[in-house]
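Student: based on what follows, work out the 3D shape:
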Amino acid sequence: MYHFIVRRQLRKAFRQLNQGDYVSIRRQFAPQFEHIFPGDHPLGGTRHTHEGIHRWYDRLAALFPDLRFRVKAITVSGWPWDTQTSVEWADQLTAPDGKPFNNVGVHLFRLKWGRVVSLRVYCDTERLIEVCRYFAQHGVAVAGAAPITD
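Tutor: Alright, predicted model coming up:
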């Protein structure tokens, strides 16, 4: 039953992401956490503070305002005090000139009592860098920004 509830909460979180409700997403992080997105790109880096995670989600919204995820699979294991989950996804978004882009990836979560203590995002980083370069060429200044780390 617990794993069913976690899967339902993860689906809800991805619906919130699709609606741009990043405030609800940020509230799910524990007081101490790590948020890692490998790569040298505007969404890259490692964050450990709520200020850093706020800046990161603000950047995500500014960079890809119409980003939408389609959840493909969710796995859950462990107990409420130490839960590991993965969410496999495909995304889509549109460049300022209307050109569509997409990517695939996975979010790996570690939860304690329903709060995120670790989130690692893995996708086709080469594709993401290509998209950011395209956006920068089309006037999206944040697409050329350095990773947010703290």
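Student: got the phi/psi numbers for Arg118?
Tutor: Residue 118: Ser, not Arg. phi -150, psi 130 (degrees, to the nearest 10).
Student: ok, now how distant is it from Arg70?
Tutor: 24 Å (C-beta to C-beta, to the nearest Å). The way it works is simple: take the backbone N, C-alpha and C, and place the C-beta from them, glycine included.
Student: can you pull out the helices in the protein?
Tutor: Taking DSSP state H, the helices of the chain run over residues 2-18, 22-26, 50-63, 125-137.
Student: can you give the distance of the third one from its chain's centre?
Tutor: Taking the mean C-alpha point of helix 50-63 and that of its whole chain, the gap between them comes to 10 Å (C-alpha atoms, centre = their mean, to the nearest Å).
Student: quick one: buried residues of that helix?
Tutor: By neighbour count on 16 or more other C-beta atoms under 10 Å, the buried set for helix 50-63 is 50, 52-54, 56-57, 59-60, 63.
Student: and for the first one?
Tutor: For helix 2-18, a neighbour-count test (16+ other C-beta under 10 Å) marks 6-7, 10, 13-14, 17 as buried.
Student: excluding its backbone neighbours, what's nearest the residue nearest in space to the middle of the chain?
Tutor: With distances taken as C-alpha atoms, centre = their mean, Val121 lies nearest the centre of the chain, 6.2 Å away. Spatially, and ignoring its direct neighbours in sequence, Val121 is nearest to Phe37 (4.4 Å; C-beta to C-beta, 6 or more residues apart in numbering).
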